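*Asks:* Got a sequence here, can you model it:
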Amino acid sequence: MDKKHFSLYLAFILILIVAFLLRLYRLDERVFHHDEAAVGYFTYKLFNNGIYSYDPSFHGPFMYYATAWVFRRLGDTIYAARLIPALL
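*Replies:* Residues are numbered from 1 along each chain as shown. Sure, this is the predicted structure:
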């Protein structure tokens, strides 16, 4: 690999790292939007009571179970509720 290609790859990787960090920075600053609040509420019910029932108006079970897993690891915070959608 020559120097020109190496510098281009390095610049690309640095841009990806900065974009990733900026995406996760201060996720909990703003209040929930309607859709985020619905996901947060249903995930909170699943996290605390183990209750989940499919509602076709909202997302499927992956979103709720993945966010409940994050709740178990990081606690039930706004940041934790927004982490899975921000990553995906």
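
*Asks:* What's the mean pLDDT across the longest helix anywhere in the chain?
*Replies:* Longest helix of the chain, by residue count under DSSP state H: helix 3-24. Averaged over helix 3-24, pLDDT sits at 92.

*Asks:* what are the phi and psi values for residue 57?
*Replies:* The phi and psi torsions at residue 57 (degrees, to the nearest 10) take the values phi -70, psi -20.

*Asks:* when you give positions from now on, start the count at 7
*Replies:* Yes, from this point I'll number from 7; that puts the last item at residue 63.

*Asks:* Tally up the residues packed near it, please.
*Replies:* Applying other C-beta atoms under 10 Å, we find 6 residues neighbouring residue 63. Placement of C-beta: from N, CA and C, glycine included.

*Asks:* Next, work out how far apart it and residue 50 are.
*Replies:* From residue 63 across to residue 50, the span is 18 Å (C-beta to C-beta, to the nearest Å).

*Asks:* now swap in residue 84 and tell me
*Replies:* 11 Å.

*Asks:* mind listing the helices in the protein by residue range?
*Replies:* 9-30, 40-55, 67-80, 84-93.

*Asks:* With mean neighbour count as extra columns, can I get these in a markdown table?
*Replies:* As requested, these are exported to a markdown table (neighbours: other C-beta atoms under 10 Å):
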| stretch | mean neighbour count |
| --- | --- |
| helix 9-30 | 10 |
| helix 40-55 | 16 |
| helix 67-80 | 16 |
| helix 84-93 | 17 |
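
*Asks:* Also compute the angle for the worst-scoring helix or strand of the chain on mean pLDDT relative to helix 84-93, please.
*Replies:* Here the helix or strand of the chain ranked lowest by mean pLDDT, DSSP states H and E is helix 40-55, holding a mean of 88. Computed by axes from the mean of the first three to the mean of the last three C-alpha atoms, to 10 degrees, the angle separating helix 40-55 from helix 84-93 equals 120 degrees.

*Asks:* May I have helix 40-55 exported as CSV, CA atoms only?
*Replies:* What follows is helix 40-55, C-alpha atoms only, in CSV (Å, rounded to 0.1, in the frame of the first residue of the first chain):
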residue,chain,number,x,y,z
HIS,A,40,-43.6,10.6,20.5
ASP,A,41,-42.1,7.4,19.0
GLU,A,42,-39.2,7.4,21.4
ALA,A,43,-41.5,7.8,24.3
ALA,A,44,-43.7,4.9,23.2
VAL,A,45,-40.6,2.7,22.8
GLY,A,46,-39.3,3.8,26.2
TYR,A,47,-42.6,3.1,27.9
PHE,A,48,-43.1,-0.3,26.4
THR,A,49,-39.5,-1.2,27.1
TYR,A,50,-39.8,0.0,30.7
LYS,A,51,-42.8,-2.3,31.1
LEU,A,52,-40.9,-5.2,29.7
PHE,A,53,-37.8,-4.4,31.8
ASN,A,54,-39.7,-4.0,35.1
ASN,A,55,-42.7,-6.4,34.8
